[in-house]
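> Got a predicted model here, sequence first, then my questions.
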Amino acid sequence: MMTEGPLTPLTKVPGPAGVVGGPGERLRRLQRRRRLAREEMLVVLVLLLFLAATVAVLATQWLASGPATSALGPPPAAIDVPIGGIT
């Protein structure tokens, strides 16, 4: 037979359904909900700022790279210079 030690729950187990939290429980739940909503909005705002910064950097690099090579036409012909010159 295997004996097990005391188990600790990973989450807080709520009390029975008939027990009411108290006079301030509703207000605490409302405040907790509002705080979570503010935190989520802050996270979304930070992610949007990172996205905007990334797009700005990429657009700046793309614009600074100049025109595409296909828009320039064919490459210039090579110039052959004889070594030693005329003797």
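Noted; the coordinates are in hand. Numbering: from 1, shown residues only.

> Could I get the average pLDDT for the stretch of helix or strand R29 belongs to?
R29 is part of helix 25-64 when elements are defined by DSSP states H and E. Helix 25-64 comes out with an average pLDDT of 95.

> Which neighbouring elements make contact with it?
Using 3 or more Cβ pairs under 8 Å, 6 or more residues apart in numbering; DSSP states H and E, no helix or strand is in contact with helix 25-64. C-beta here means a position set from N, CA and C on the backbone, and glycine is covered the same way.

> Could you list the buried residues of it?
Within helix 25-64, no residue is scored as buried using 16 or more other Cβ atoms under 10 Å.

> element containing G22?
Short version, using DSSP H and E: G22 is in no helix or strand.

> mind checking how far it is from L30?
Per Cβ to Cβ, to the nearest Å, G22 is found 14 Å from L30.

> try V46
For V46, the distance to L30 - Cβ to Cβ - is 25 Å.

> Could you do V44 as well?
Taking Cβ to Cβ, one finds V44 at 21 Å from L30.

> Please tell me how far R33 sits from D80.
Counting by Cβ to Cβ, the gap from R33 to D80 is 79 Å.

> Next: L45.
Distance, L45 to D80, by Cβ to Cβ: 62 Å.

> same check, this time on M41
67 Å.

> Done for today, thanks.
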